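Novice: turn this into a model:
(2 chains)
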Amino acid sequence: MYIGLDVGGTYTDAVLLEKGQVKSWTKVPTREDLLNSLLEAFDAIMRGVPPDLIERVVLSTTMITNLIAEKKYDPVGLILLPGPGLNHSHYRFDTESCLVGGVIDYRGREVVPVPKGDIDSSIRTLAGLKYKKVAVVGKFSSRNNKHEKEVCRRIQESHIDWQVEMGHEVAGQLNFPRRVMSTLLNCATRDKYQFFVQSVLVALNSRDINCPVYILKADGGTMPLKSSLSSPVETIFSGPAASILGVQALIPPGETAVIVDIGGTTTDLALILGGQPLLASKGADVFGHMTHINALAVKSVPVGGDSVVESVGKELILLSERVGPPYCMGGPMPTPTDALKVLGLTKLGDMKKAREAMKILGDPLGIETWEVAARIMMLVNDTITSEIKNMFEKWEQEPAYRVWEVLQKKKVRPNTVVGVGGAASGFMTMIAATLDCYPVIPPYARVANAIGAAVARPTLQVSLRADTEQGIYTLLEEGYQGPIEDKSFNEDKALQLAEKWLLKRATKYGLENDIGEVEVTRREVFNMVRDWVTSGKLIDVSVQTKRGILHYIGTGGGNIEK
Amino acid sequence: MKSKKTGVIFFPAFDWAISPTHPEREERLLYTRDQIFEEGLMDLPQIAEYPPKLATIHDIARVHFCVPRVQSQVTEAHLIAAGATLSLGDSIIQGEIKNGFSIVRPPGHHAMRVVHGNRGFCNINNEAVLVDYLRRQYGIRRVAIVDSDVHHGDGTQEIFYHDPDVLFISFHQDGRTIFPGTGFAHELGGPQAYATTINIPLPPGMTDNTFHYITDNLVLPLINDFKPDFIINSAGQDNHYTDPLGSMKFTARGYAEFTRKLNPHLAVLEGGYAIETALPYINMSILMALAGIDYSNVREPDIDSFNFKENPDRFAQVQKTVEGLLDIWSRRDKTDIEKIFGTGKFYQRKKQIYYDTDYIEEEQFEKVRLCGSCPGYMIIESRADRGYGQTARVFALSIPFNACQECHTEAYDLYEEAVKNKKGFDFVKMQDKSTDTCLSYDINKGQEWKSEGPRPGV
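Specialist: Predicted coordinates for the structure are as follows:
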């Protein structure tokens, strides 16, 4: 049996799955005392189930997301090696940033060594300002980590107690500013995340659950909880990822669907294309900070069941803010939920109050209660459906760098709209009709997130870049670089080496038995020609374990709600 | 409100090459990609990245007489490279972006009106395809094209040689020392478009100093006088001091400053084969200059160890050329055209064109109708020898977008006559830019193809 656990800001959801069936589920409030909330959720779903039947537990959480949103993390100092390029004033992050000389180029060649004096004066500056957490990030550090390591070593010589994070270990992809942000956030959230992990382990231990425990990442894969300690930022947005995987598990395989998660103040949109959730092409935008974190593509629209509706002139308009609960539930202002109530599309709230809300809006315009409600429905519908159309268009507008990529671009439209979240059911029929799709509210939609966590697969990826002219290879995910000794190194050998590293990584994370089928996701070879003669090859290959989910969920099973 | 963003289409064609070791190969923009992506330029609010789209066969046929057909001269990569310029052109005219940079392969400025094969790594002239598209789609009339490639932009020059509404300025390494061997100061445009072609051949070894001298003293004043509706920069990058084919000493900073001063609507990548030492830095600098981002911190790694001395005698020579051209420009309206080009119903010239990549020799006989009310239609008779006894003979007619009724009728009569006679040619072709109609008649098969563009604004 599998347990899926989603620790959200307001609720903690848990499900127990047995052979692809939901055996039990629960939703309990997330309290300050995290440990007790977790225990309550476990006890609710485990009633009568011996703990040794549990084969694995997977968590998802918005904890790191919330920490970052509320800026509840320790200050992190930056030591940056930006080299030539953009004016250095672009690299002003919201913290002390010390710039150090030294230049690495795009092939990882050292152009200018790091001046020792620069390092020392940066360390003095940060020490003077009492920073104890430092992120060290260099331009092109994923092509050559020498400079970052030099700075790190120097810090450790004098400040053994500092927590130092290096860019090449956090984010190997190209894009220096994003690498800086990812490294900074990772450094900032490490302790707090450790506390979360500890609470989970204590809760499991006290209920004698000794199976492997995993955490969901933003890209929909999982990693063992213990090995996630070094990369907390990977778990950011694991909440939305969990909902998406949950829906994937609850709808038939191979569908192209839009997921519409309508909450109180925001609506999250995501796409499942041909049965697979869409990954964002660029790293996640974390509250306005662009990062390298791989995430499923989610678009947040500022409209929800509690959004305020106002009349302006002869028009009704939808505001993006929330000032309290809906009018029919004792709130101060009319909301879309009140419209749903009047039209009989929700069980929540008081009918008399809801009608009153419609009257407040309708009287000055001289329109009937039902018409006000219908107009509000249209407003919400128009906002959401136009964003869905944008999302598909944006996906079609992704850049392409190869001829075949441009040629295979095609127009895809969804055939299903899946509603999850509190207010979804009321709006789903209308949204689906506008998009010419089938509306679906899957069973267990309310705990889709916990189901998503439970069915998520462990995933591992290795991206290897070999530069045979220089005789060096680097691993993007590990930040490792090593020599190529084989004179006849080629694409096939690069793939073999990548697979070897995949196994090594799997063993490191205790996943050696989960590897299964290995997919090659990228395979690129560039001949380097100098003076009309081939002088070497640049080989880029990526291999990964199979993506997807472990089960599709059938119906059946009981539920326990608190 | 007009957008303040700079649009960029980056299409490195990582899966397309002329041949594995050819300079125009997959690797060419690899390091440019690395540099631009690592800098995070695409994330900046001043820059918007667009995906490339394909140009249509008709977009190509509007400009080129491809032999035997468009499909036999273009690969998908060519349609994408041309399509990228069209896409950015659309976004600029529609006010979505203020300017754009088309960082695409394959290049195009050596491709002429008649295309028998590949010349100087080019099959399709991306800039010319854009000009005719903008005219058709948006009624844009006057265009300036400034070619900053080390090689003479002979294809672009040839296509617009008789077009008084396109000012073509090319500065490049002297044709006596480099491909394609043309682009001398006396090449000034045909009788209907005198002094709208301007060439400044440069002696080898000139530096940014010369680059800016030409820009400030010739390029900018001419553009200022010409008042184009749209400015295009054919941004070849082989004037760089590390280029393996050229012998000039320009820098990335020089290119950036040139871009800032010229302030083109669209820059289109042309040549440049120092793929490691020049392209990453120049492409980045041009993009930053277009977007109004400070580029002063972009530096080539070896710039301090290079000798940027310029020979003063050679600089004096450039000054003399520029002064001569300025004089011609200032007197262009008073010039006695008949004295230079002669009189008669037609102006005609013979041309020999060599396709260095495909080893094709073409012989062309070009006639322009000397019409008083429009730029006049053109008649081109072309014969290409592919070197193994295979020849292709073409009779082609081109009607300008602003042709008068008389020229229009005359050209169609000539087309029909040639089709009827069936003598001496394999193909009869017509390019009617006034109605956006292209015709191609295969004499041996007795078959005609016709294509028409979408109506403007549709």
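Novice: which positions in the stretch 1-150 of chain A make contact with chain B?
Specialist: A:84-89, A:103, A:105-107, A:111, A:139-140 (Cβ under 8 Å from any Cβ of the partner chain). Placement of C-beta: from N, CA and C, glycine included.
Novice: what's the farthest-apart pair in those?
Specialist: A:89 and A:107 (27.1 Å; Cβ to Cβ).
Novice: more crowded one of these two?
Specialist: Between residue A:89 and residue A:107, counting by other Cβ atoms under 10 Å in any protein chain shown, residue A:107 is the more crowded of the two (18 against 8).
Novice: just give the number of residues close to residue 98.
Specialist: Went with chain A since none was named. Each residue near residue A:98 was counted by other Cβ under 10 Å, and the total is 21.
Novice: nope, chain B please
Specialist: So residue B:98, with other Cβ under 10 Å, has 19 neighbours.
Novice: what about it, distance to chain A?
Specialist: 19 Å (Cβ to the nearest Cβ, to the nearest Å).
Novice: for that residue, list the residues it contacts.
Specialist: B:2-6, B:92 (Cβ atoms under 8 Å, 6 or more residues apart in numbering or on different chains).
Novice: secondary structure element for residue A:426?
Specialist: Here residue A:426 sits within helix A:424-435, counting by DSSP states H and E.
Novice: got the contact list for that helix?
Specialist: A:258, A:260-262, A:336, A:340, A:343, A:345-346, A:377, A:380-381, A:384-385, A:388-389, A:413-414, A:416-417, A:419, A:438-441, A:445.
Novice: out of these, name the ones that lie in strands.
Specialist: A:258, A:260-262, A:416-417, A:419, A:438-440 (DSSP state E).
Novice: thinking again about what came up before, PyMOL command for the buried members of the contacts of helix A:424-435?
Specialist: What follows is the PyMOL syntax selecting those of the contacts of helix A:424-435 that are buried according to 16 or more other Cβ atoms under 10 Å in any protein chain shown:
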select buried, chain A and resi 258+260+261+262+336+340+343+345+346+377+380+381+384+385+388+414+416+417+419+439+440+445
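Novice: just the helices in chain A please.
Specialist: A:34-46, A:63-69, A:116-128, A:146-158, A:167-170, A:176-206, A:238-250, A:336-342, A:351-365, A:369-396, A:403-407, A:424-435, A:448-455, A:491-508 (DSSP state H).
Novice: deepest-packed of those, please.
Specialist: Comparing the helices of chain A by mean neighbour count (mean count of other Cβ atoms under 10 Å in any protein chain shown), helix A:448-455 comes out on top with a mean of 32.
Novice: quick one: mean pLDDT for that one?
Specialist: Helix A:448-455 shows a mean pLDDT of 92.
Novice: likewise stretch B:173-191?
Specialist: Confidence for stretch B:173-191, expressed as mean pLDDT, is 96.
Novice: so which bits of it are buried?
Specialist: Those would be B:173-175, B:178-180, B:182-183, B:187-191, for stretch B:173-191 by 16+ other Cβ under 10 Å.
Novice: again, but for stretch A:292-303
Specialist: Here stretch A:292-303 shows A:292-298, A:301, A:303 as buried, counting by 16+ other Cβ under 10 Å.
Novice: so what would you say the end-to-end distance of that stretch is?
Specialist: Length of stretch A:292-303, first residue to last, Cα to Cα, to the nearest Å: 27 Å.
Novice: low-confidence ranges, the stretch 251-400 of chain A, go.
Specialist: The model of the stretch 251-400 of chain A has no residue with pLDDT under 70.
Novice: and for chain A?
Specialist: In chain A (pLDDT under 70), the answer is A:555-562.
Novice: ok, the residue of it positioned farthest from its centre to residue A:308 distance?
Specialist: The outermost residue of chain A, judged against the average C-alpha position, is residue A:366 (46.5 Å), by Cα atoms, centre = their mean. When Cβ to Cβ, to the nearest Å is the yardstick, residue A:366 and residue A:308 sit 22 Å from each other.
Novice: what's the answer for residue B:449, then?
Specialist: Taken as Cβ to Cβ, the span from residue B:449 to residue A:308 is 62 Å.
Novice: higher neighbour count, these two?
Specialist: When residue B:449 and residue A:308 are compared for neighbours, residue A:308 comes out ahead with 21 against 15, by other Cβ under 10 Å.
Novice: wait, the more buried one sits on residue A:324?
Specialist: No: using Cβ atoms under 8 Å, residue A:308 is not in contact with residue A:324, being 9.0 Å away.
Novice: quick check: beta-bridge partners of the residue lying closest to residue A:240 once chain neighbours are set aside?
Specialist: Spatial nearest neighbour of residue A:240, chain neighbours left out: residue A:298 (4.7 Å); criterion: Cβ to Cβ, 6 or more residues apart in numbering or on different chains. Assessed by DSSP bridges, residue A:298 has beta-bridge partners residue A:270.
Novice: now for residue 242: which residues touch it?
Specialist: Because you didn't say which chain, this covers chain A. Counting by Cβ under 8 Å, 6+ apart, residue A:242 has contacts A:4, A:6, A:60, A:216, A:448-450, A:452-453, A:456.
Novice: actually chain B
Specialist: Contacts of residue B:242 (Cβ under 8 Å, 6+ apart): B:274, B:277-278, B:300, B:302.
Novice: need those in a markdown table (columns: secondary structure, pLDDT and neighbour count).
Specialist: Supplementary listing: these in a markdown table, determined by DSSP: H, G, I helix; E, B strand; the rest coil; pLDDT from 0 to 100; neighbours: other Cβ atoms under 10 Å in any protein chain shown:
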| residue | secondary structure | pLDDT | neighbour count |
| --- | --- | --- | --- |
| B:274 | coil | 95 | 21 |
| B:277 | coil | 95 | 19 |
| B:278 | coil | 97 | 27 |
| B:300 | coil | 95 | 22 |
| B:302 | coil | 92 | 11 |
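Novice: could I get those in TSV, plus columns for distance to residue B:111?
Specialist: Below are the contacts of residue B:242 laid out as TSV (distance: Cβ to Cβ, whole Å):
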residue	distance to residue B:111
B:274	23
B:277	27
B:278	23
B:300	30
B:302	34
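Novice: what sits closest to residue A:55 if chain neighbours are left out?
Specialist: Nearest non-adjacent residue to residue A:55, counting by Cβ to Cβ, 6+ apart: residue A:211, 5.4 Å away.
Novice: is the nearest residue to residue B:358 once chain neighbours are set aside in a helix, a strand, or coil?
Specialist: In space, and not counting its chain neighbours, residue B:358 is closest to residue B:117: 3.3 Å by Cβ to Cβ, 6+ apart. Using DSSP: H, G, I helix; E, B strand; the rest coil as the criterion, the local structure at residue B:117 reads coil.
Novice: what is the burial count for residue B:117?
Specialist: Residue B:117 has 20 neighbours, counted by other Cβ under 10 Å.
Novice: ok, residue A:283 - contacts?
Specialist: A:171, A:173, A:175, A:178, A:182, A:290-295 are the contacts of residue A:283 under Cβ under 8 Å, 6+ apart.
Novice: near chain A, which residues of the stretch 1-150 of chain B?
Specialist: B:9-16, B:20-21, B:25-27, B:30-31, B:33-35, B:37-41, B:43, B:49-54, B:75-77, B:80.
Novice: and the contacts of stretch A:321-338?
Specialist: So stretch A:321-338 is in contact with A:264-265, A:303-310, A:318, A:341, A:346, A:348-351, A:353-354, A:356-358, A:360-361, A:373, A:376-377, A:379-380, A:423, A:427, going by Cβ under 8 Å, 6+ apart.
Novice: run the last query once more with 6 Å
Specialist: Here stretch A:321-338 makes contact (Cβ atoms under 6 Å, 6 or more residues apart in numbering or on different chains) with A:265, A:305-306, A:308-309, A:341, A:349-350, A:353-354, A:357, A:360-361, A:376, A:380.
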